[in-house]
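Asker: test case, fold it:
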Amino acid sequence: MDILIRRVKPTEYDALGEITAQAYLKDGLLDFGESDWYLGELKDVAKRAAAADVLVAIQGEQLLGGVTFVPAGGPMADIARPSEAEIRMLAVAHEARGRGAGEALVRACVDRARATDGCARVVLSTQRTMHSAHRIYERLGFVRVPERDWNPLPELPDITLLTYELTL
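Answerer: Predicted coordinates:
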């Protein structure tokens, strides 16, 4: 059965928030200070959907995961510069992994970026341990740009997010 990518519906906000939060928790990605705050951000799909494009992967009736696509200059951007779109909060439910949902979501973001006037690149941040996501990004042509790595929590110098970019 094919995977459908579309905008999230308000009736799916809670389910996608839980999938996103559980994906980060089960992968051990919130083992740093402020994790309670970031967990709340991961769960708040309504807030993201009001400021960016939140996309979901659906197979049949099952919600597999989602991603936040931030067009150039969007308020949800962390690292995007002018003429860049940003991908944030990619998450796939553990029981749905290995079906291609993550790759389909990233491809949909790249397609949206290509359709955005003046967008020349797509950028994203990822943690060092997100190896499955790194493989998706690299398979789709994203490259590491270490000079853009950054720390979202300067008080915790061990937290460095890796940056990838794709030139369109």
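Asker: show me what contacts Ala51?
Answerer: Counting by C-beta atoms under 8 Å, 6 or more residues apart in numbering, Ala51 touches Val70, Gly74, Pro75, Met76. The way it works is simple: take the backbone N, C-alpha and C, and place the C-beta from them, glycine included.
Asker: could you tell me which of those belong to strands?
Answerer: Counted as lying in strands by DSSP state E, out of those, are Val70.
Asker: biggest separation within the contacts of Ala51, which pair?
Answerer: Largest separation among the contacts of Ala51 by C-beta to C-beta: Val70 and Pro75, giving 8.0 Å.
Asker: show me what stretch 120-136 is in contact with.
Answerer: Identification of contacts with stretch 120-136 by C-beta under 8 Å, 6+ apart yields 27-29, 78-81, 83-88, 90, 97, 102-103, 106, 109-110, 113, 137, 142, 145, 148, 150, 152, 160-168.
Asker: which among those residues count as buried?
Answerer: 27, 29, 79-80, 84-88, 90, 102-103, 106, 109-110, 113, 137, 142, 160-166 (16 or more other C-beta atoms under 10 Å).
Asker: sort out for me which of those are in helices.
Answerer: Gly102, Glu103, Val106, Cys109, Val110, Ala113, Tyr137 (DSSP state H).
Asker: most widely separated two among these?
Answerer: Once C-beta to C-beta is applied, those give Gly102 and Ala113 as the farthest pair, at 16.9 Å.
Asker: from the contacts of stretch 120-136, which ones fall inside strands?
Answerer: Among the contacts of stretch 120-136, the members falling in strands (DSSP E) are Glu84, Ala85, Glu86, Ile87, Arg88, Leu90, Leu162, Thr163, Tyr164, Glu165, Leu166, Thr167.
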